[in-house]
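Engineer: no sequence on this one, just coordinates:
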């Protein structure tokens, strides 16, 4: 059993815990999930199954590359910590197209390229990890639903994130 004498439990689900601990094998603090079935906590020590730890350590040493996507936005406003961009979305049963603002962490934006296909209407090609895009999009849509679309609507008539269609350029 791999033993951690000092660790922090960051989050717990019904099947796993998110742990932060110093991993001697890589010489730094790491954060990782451990299934509850593969661990024991005894006397404030975390004990992890050897087979599971071997595969987790390999994953920590050789992380899979992030899947990147490129999005197009007519808006690009870089702030101190985040960048504001926009995607076009249509809510079902409405003809109107809305700009949904996404806030992307500057540290996760890999590249930005200004493209001008129509004079005086610049667009930006932004490359970033796919999970960052989907997370920002979900947060932005939930904000729109809570503060605008579902604000004064009966519970049985409320919209969900799935009711939006993202329009690709």
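Structural biologist: Sure, I can see it. Remember, predicted model here, so these are calculated numbers, not experimental data.
Engineer: Confirm residue 98 sits in a helix?
Structural biologist: No. The assignment for residue 98 (DSSP: H, G, I helix; E, B strand; the rest coil) gives strand, which keeps it out of a helix.
Engineer: Looking at strand pairing, list the partners for it.
Structural biologist: Taking DSSP bridges as the rule, residue 98 bridges to residue 89.
Engineer: need the helix or strand of the protein with the lowest average pLDDT.
Structural biologist: Within the chain, no helix or strand scores below strand 111-118, which has a mean of 84 by mean pLDDT, DSSP states H and E.
Engineer: contacts for the next helix or strand after that one?
Structural biologist: Using DSSP states H and E, the helix or strand that follows strand 111-118 in sequence is strand 121-129. Applying CB atoms under 8 Å, 6 or more residues apart in numbering, the contact partners of strand 121-129 are 66-76, 83, 85, 104, 108-117, 169. C-beta here means a position set from N, CA and C on the backbone, and glycine is covered the same way.
Engineer: ok, of those residues, which come out buried?
Structural biologist: 71-73, 76, 83, 85, 104, 108-109 (16 or more other CB atoms under 10 Å).
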